[in-house]
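1. Pasting the sequence and the predicted coordinates here, then a few questions.
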Amino acid sequence: MARGREPVSRNIYLSDEPKAEVPSVYVAGEMVTVLRFEKPCDRERTKLLGWEGRFEPVECVGKKVLVEPLKDLKSGDGFLLVVTLADAKELPFTVTARNEQFDHQVNVFPDKETKGALQSRLEYTEYRERILKEENERFRKEASSIDHALAALLARDALKMTPFRQQYVSLVKNPKGAELLVTVLTSKKPDKVAVIINLKNNSPSESWSLMEARLVAERSGEQRPFALRATQETWGPGGESGQIAVVFDASAFDLKDGLDRLVLELFRRGSGIREAWVFLDRHLLGL
């Protein structure tokens, strides 16, 4: 991952309209971005203007064009890439950067009605339909979940509306990254554990997003079920803060290895790095 940016693959469908916006291609330092076309490109007439000292020489290999900056571009940087296909058609692109992601591969379709373009759009539509069905099923299950309802209340500072009582608080500070105030709570009848994480993004320029949370056995890595709710999906730079709440049943401590210690892990989107972790011991929590 390029300094916390997530690689993505996407499609671009070009327009023949004279005033159509020049599409952008997002790159990251020392990472290769591949532009893939339906027709071979003309190596001699494919150029990146002003690339000297900033990029490796642009490579044109068959139907692919490879672009690799030597280092991350500065905010606002933009370079004109002109790809000429074997049929002499010229296609302009703006090579630039953005904070959260960079293009691993861009599939370019100059004509929206070609077989490849139509097939690509059909596959994407089917993919989105499948994802939406899965999300709807997940939302349906979560709507009837007591743990998700409790997590939603805790994420919105409605502790008094829940059965939880505070056990301990800890603070993790990263001057240039995330600052996390962690509160661990428990309840009796039902026996449950909750973790509230107040996250503040101290980065002056980069946003922070949660990629994944896991509740695992410390020794075996066995994953345990839990409910999670957050006040937002992304924390903006410059000190934006918000809360993540996790709730799980005390039976999650009933592990195959016989130990009574779990770890709640948070992974940051883009880098995939474990940003924070909380050790939870059944005996220390009085369960």
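-> Sure, I can see it.
2. all contacts plus neighbour counts: C-alpha atoms, from now on.
-> Noted.
3. The closest residue to Arg282 other than its chain neighbours - how many residues pack around it?
-> In space, and not counting its chain neighbours, Arg282 is closest to Asp260: 5.6 Å by C-alpha to C-alpha, 6 or more residues apart in numbering. Counted with other C-alpha atoms under 10 Å, the neighbours of Asp260 add up to 17.
4. if I look at Asp260, how far off is Leu228?
-> Separation of Asp260 from Leu228 (C-alpha to C-alpha, to the nearest Å) stands at 21 Å.
5. and what of Arg43?
-> 51 Å.
6. okay, and the helix or strand of the chain with the least pLDDT?
-> In the chain, no helix or strand scores lower on mean pLDDT, DSSP states H and E than helix 115-143, which sits at a mean of 65.
7. still on that earlier bit, which one of Arg43 and Leu228 is surrounded by more residues?
-> Each of Arg43 and Leu228 has its neighbours counted (other C-alpha under 10 Å); Leu228 has more, 21 against 17.
8. Return the set of residues that bridge with that one.
-> Counting by DSSP bridges, Leu228 is bridged to Val246.
9. partners of the strand or helix carrying Thr183, with directions?
-> Assigned by DSSP states H and E, Thr183 belongs to strand 178-187. Neighbouring strands of strand 178-187 in its sheet, by DSSP bridges, are strand 165-172 (antiparallel), strand 192-201 (antiparallel).
10. Following the chain onward from the longest one, which element is next?
-> Right, strand 192-201. Once strand 192-201 ends, the next helix or strand along the chain (criterion: DSSP H and E) is strand 208-217.
11. now the angle from that following strand to strand 192-201?
-> Taking axes from the mean of the first three to the mean of the last three C-alpha atoms, to 10 degrees, one finds that strand 208-217 is oriented at 150 degrees with respect to strand 192-201.
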